[in-house]
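> Fold the following, please.
(2 chains)
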Amino acid sequence: MSTATTHEEATENHEVEHHGLSDKQYIVIALILAALTAIEVSTYYVDFGPFFMPTLLILMVIKFVTVVSYFMHLKFDNKIFSYLFYAGLLLAIAVYCGFLATFKFFLKQG
Amino acid sequence: MAESAIAHDHGVSHGAHASSTGLSNNKMGMWMFLGSECLLFGGLISTYMLYRGRVSSGPQPNNIFDIPFTSVSSFILLMSSLTMVLAVSSAQRKDDRNTNLWLTITALLGATFVGGQVYEFTAFYREGLGFTTSLFGSSFYALTGFHGVHVSVGIIMLMALVGMNRNNRIPGDKAEVVELIGLYWHFVDIIWIIIFTLVYLIPS
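Predicted structure coming up:
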């Protein structure tokens, strides 16, 4: 009996871990993402002054990380998947920052 | 004991082929593919960032973008990520009816987004922005067009998945197959999150 209960609890825990979040929690996250999008769009109508660019970039990163972590389950999955994805992402950012900086440099020289 | 620990490790799907890492090879392959896709879209986005101010002829970016319209499109694509994750959740509960329902809604939301993009491209073309009008036009159409093609491929995969699920013809672990398509779908959503901010909201 006790073993069976322990097994059931372990299975339940495994299910929670495997699914990541409940459907209600996914809906809450989607509402947060929608609210963040509304703030992003508001920058088009409201003057944010010097905070315009940082606000948009920070919101973009928060939305990106939220979708990857929760909707794509990267937060709950094996770390190897995170390394594979973020390695590609960081490589892309590094290569293209270098690429853009090089173009900027040559344009200034010209 | 060790086998049990491996089987309970995150990322292992029931019925997946055993691998030296104890993880699903299919899932590993999908994450590697998505990592490489970052490089593809990184190239397209940085090319756009470089050329968006280079307008020798035709309309300027700030004069042509319809932010309210694109905001609605972005919201629709964002909500399709919610319906996709609900489809994955249903598939993991082995609830075929709701899996098919959420997958179909996701495909419809994706189709609405692509329809909006086609409308936007048509409107831009009528306003004088062709693919070869300026460097801005070329880089804009290449970037958003590639993204639109990715969304379209995603819609085809979703509809194929619904058809296969109805006929019970999904090979191997059904929940894992839905999850893999879901990963691809969420990826096109996160790319749009970047495009919407860098291309549409930040003026050149």
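> Spell out, range by range, the helices that occur in the chain.
Chain wasn't specified; assuming chain A. Taking DSSP state H as the criterion, chain A carries its helices at A:2-19, A:23-45, A:52-66, A:79-109.
> oops, I was thinking of chain B
With DSSP H, the ranges of helices along chain B come out as B:2-7, B:25-51, B:61-64, B:67-92, B:96-126, B:135-166, B:174-195.
> tally of neighbours for A:Phe48?
For A:Phe48, the count of nearby residues is 14 (other CB atoms under 10 Å in any protein chain shown). Quick note: C-beta positions are derived from backbone N, CA and C, even for glycine.
> on that earlier part again, looking at the helices of chain A, which is nearest to B:Asp66?
Nearest to B:Asp66 among the helices of chain A is helix A:23-45 (10.8 Å), distances taken as CB to CB.
> Pull the number of nearby residues for the residue of chain B found nearest chain A.
Closest to chain A within chain B is B:Gly35: 2.5 Å, counting by CB to the nearest CB. Residues within reach of B:Gly35, counting by other CB under 10 Å, total 20.
> So it is in contact with A:Leu89, correct?
Yes - judged on CB atoms under 8 Å, B:Gly35 makes contact with A:Leu89 at a distance of 6.9 Å.
> re the thing from before, possible to save the helices of chain A as CSV with mean neighbour count, distance to chain B and mean pLDDT?
What follows is the helices of chain A, written out as CSV (neighbours: other CB atoms under 10 Å in any protein chain shown; distance: least, CB to the nearest CB, whole Å; pLDDT from 0 to 100):
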stretch, mean neighbour count, distance to chain B, mean pLDDT
helix A:2-19, 11, 5, 46
helix A:23-45, 15, 4, 96
helix A:52-66, 16, 4, 96
helix A:79-109, 14, 2, 85
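> circling back: what sits closest to the residue of chain B closest to chain A if chain neighbours are left out?
The shortest distance from B:Gly35 to any residue other than its chain neighbours is 2.5 Å, reached at A:Gly88 (CB to CB, 6 or more residues apart in numbering or on different chains).
> which residues does that neighbour contact?
Shown in contact with A:Gly88 (CB atoms under 8 Å, 6 or more residues apart in numbering or on different chains): B:Met32, B:Leu34, B:Gly35, B:Ser36, B:Glu37, B:Cys38, B:Leu39.
> Show me the domain layout of chain A.
Using automatic domain parsing, the domain parsing of chain A gives A:1-76, A:78-110.
> So which of the ones you listed is nearest B:Ile45?
Between these, domain A:78-110 lies closest to B:Ile45; by CB to CB that is 7.4 Å.
> Report the distance from that closest one to the chain centre.
18 Å (CA atoms, centre = their mean, to the nearest Å).
> and what of stretch A:30-41?
Worked out by CA atoms, centre = their mean, stretch A:30-41 lies 14 Å from the chain centre.
> ok, and what's touching that stretch?
A:55-56, A:59-60, A:62-63, A:66-67, B:67-68, B:71, B:74-75, B:78-79, B:81-82, B:196-197, B:201.
> could you redo the last one with a cut-off of 6 Å?
A:Leu59, A:Lys63, B:Ser71, B:Phe75, B:Leu78, B:Leu82 (CB atoms under 6 Å, 6 or more residues apart in numbering or on different chains).
> My guess is B:Gly58 contacts B:Phe131. True?
No - B:Gly58 lies out of contact with B:Phe131 (CB atoms under 6 Å); the separation is 10.7 Å.
> What's the PyMOL syntax to select whichever of the contacts of A:Gly88 are buried?
A single PyMOL command selects the buried members of the contacts of A:Gly88 (16 or more other CB atoms under 10 Å in any protein chain shown):
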select buried, chain B and resi 34+35+37+38+39
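> Taking the centroid of the chain, which residue is nearest it?
By default, I'm working from chain A. With distances taken as CA atoms, centre = their mean, A:Val65 lies nearest the centre of chain A, 1.2 Å away.
> B:Gly58 and B:Phe131: which is more packed in?
Each of B:Gly58 and B:Phe131 had its neighbours counted (other CB under 10 Å), and the higher figure belongs to B:Gly58 (17 against 13).
> what's the pLDDT at the closest residue to the more buried one other than its chain neighbours?
Sequence neighbours aside, B:Thr133 is the residue nearest to B:Gly58 in space, at 3.7 Å (criterion: CB to CB, 6+ apart). What the model reports as pLDDT for B:Thr133 is 91.
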